[in-house]
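> Would you be able to build a 3D model of this:
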Amino acid sequence: MSVAVLGATGGQGGAVAAALLEAGAAVRAVVRDPGSGRARALAVAGAEVVPGDLFDAASLAEAFRGTAAAFAVTTPFQDGLDAEVAQGEAIVRAAADAALPHLVMASVASADRDTGVPHFETKARTEELLAASGLPATVVAPTYFYDNALGAMDEVAVGRLTMPVPGDTPIQQVARQDLGRVVTAVVADPERWIGQRIELAGDDPTPVRMAAEIGRAAGGPVAFRQSSLEDLRTVNPDMFAMYSFFVNGGYQVDMAALRMQFPAVPWTSYAAWADAQDWPKPAQ
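Just a heads-up that it's a prediction; the model follows:
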């Protein structure tokens, strides 16, 4: 079974490609630049690497043809929110043009709850377009990724983790590797999962616990410090809305039910994820 993976050199697509390859699936990695180092690494790992542009439905349809399924992900963080909507439109159009048997579309947990978070709302628009298309599809909707903490390496080096939420706020999160494992299970059993929307979370650490686990894994104390949420209101309205959403209840994934649905997925804990990262040793 061949599975096309869009964004295969990125975080989500890379995790999906790795999980599929580990499971023995044939992977067609769809990338903007087949000559990049990451694309070449995918080819060495056994993937077929082909060009494709998230804004070009024709190139995506060509990449989809002859595959049993495809994983697709959109992003607003390079070209903006309108660009993410355009990416979703191109993906849906390409899947229809290629008569793709099964499209697995990445969204975000709670995108269907009118959160007002801009990058949740753009994904909700793609979900609506996908539902209206009638395509055979599954939506996988991860929560906050553990990997977001990797952007705090400089802070960890001085023994600090900063977030604009109270330290006792549980935040449902998930490992990218577990997203990959869920997608692998979904494409292996399309009859069960077509038409379904699956929200993903592996743990719900508070920022205080996140700092403690990172410190333990890094070999030195890391203290949590709450930064100002209000300061984000004008500087980064999208992040202001997301962190406000976290403060006001956040994601609502039924993690117990999820484990019953996907018993073969290890559902990596935050502690286990932290242990696997290469942290700088915090200054004493």
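> so where do the strands sit in the protein?
Listed in chain order, the strands of the chain (DSSP state E) span residues 2-6, 26-31, 48-51, 69-72, 103-106, 137-142, 144-145, 160-163, 173-174, 197-200, 223-226.
> do you know how far residue 39 is from residue 7?
In this view, residue 39 and residue 7 are 11 Å apart by Cβ to Cβ, to the nearest Å. To be clear about C-beta, it is placed using only N, CA and C from the backbone, and glycine gets the same treatment.
> Give me the common contacts of these two.
Both residue 39 and residue 7 are contacted by residue 31, under the criterion Cβ atoms under 8 Å, 6 or more residues apart in numbering.
> which one of those two has more residues nearby?
residue 7 (24 against 21; other Cβ atoms under 10 Å).
> Name the residues that touch stretch 190-199?
Stretch 190-199 is touched from outside by 69, 101-102, 107, 109-110, 112, 127, 136-143, 182, 186, 251, 253, 258, 261, with contacts defined as Cβ under 8 Å, 6+ apart.
> Contact partners for residue 141?
Neighbouring residues of residue 141 by Cβ under 8 Å, 6+ apart: 106, 107, 108, 109, 110, 111, 197, 198, 199, 200.
> Can you pull the phi and psi angles for the residue lying closest to residue 64 once chain neighbours are set aside?
Nearest non-adjacent residue to residue 64, counting by Cβ to Cβ, 6 or more residues apart in numbering: residue 98, 3.8 Å away. Torsion angles at residue 98 (phi, psi; degrees, to the nearest 10) stand at phi -90, psi 0.
> Check whether residue 98 really touches residue 58, as I assumed.
No. Counting by Cβ atoms under 8 Å, residue 98 stays clear of residue 58, with 10.0 Å between them.
> quick one, which of these two is more surrounded?
The neighbour comparison of residue 98 against residue 58 (other Cβ under 10 Å) goes to residue 98, with 20 against 13.
> before we move on, the earlier item: out of the strands of the chain, which is the most enclosed?
Greatest average neighbour count among these goes to strand 69-72 (a mean of 29), per mean count of other Cβ atoms under 10 Å.
> Now do residue 255 against residue 202, distance only.
Going from residue 255 to residue 202 by Cβ to Cβ gives 7 Å.
> What of residue 275?
14 Å.
> which one is residue 88 nearest to, not counting chain neighbours?
Closest residue in space to residue 88, ignoring its immediate chain neighbours: residue 126 at 3.1 Å, by Cβ to Cβ, 6+ apart.
> picking that back up, between the strands of the chain, which one is nearest to residue 271?
Among the strands of the chain, the nearest to residue 271 by Cβ to Cβ is strand 173-174 (11.9 Å).
> Quick one: mean pLDDT for the closest one?
Computed over strand 173-174, the mean pLDDT rounds to 98.
> re the thing from before, who touches both of residue 255 and residue 202?
Common neighbours of residue 255 and residue 202, counting by Cβ under 8 Å, 6+ apart, are residue 267.
> all helices in the protein, in order from the N-terminus.
11-22, 37-45, 57-64, 81-97, 118-133, 153-157, 176-188, 190-193, 207-218, 232-235, 237-247, 255-261, 270-275 (DSSP state H).
> ok and the fourth one relative to strand 2-6, angle-wise?
Relative orientation of helix 81-97 versus strand 2-6 (axes from the mean of the first three to the mean of the last three Cα atoms, to 10 degrees): 160 degrees.
> surely residue 6 meets residue 94?
No. Contact criterion Cβ under 8 Å: residue 6 and residue 94 do not qualify, at 9.5 Å.
> Give me the common contacts of these two.
60, 63.
> Quick check: closest non-adjacent residue to residue 94.
When the adjacent residues along the chain are set aside, residue 94 lies closest to residue 60, with 3.5 Å between them (Cβ to Cβ, 6+ apart).
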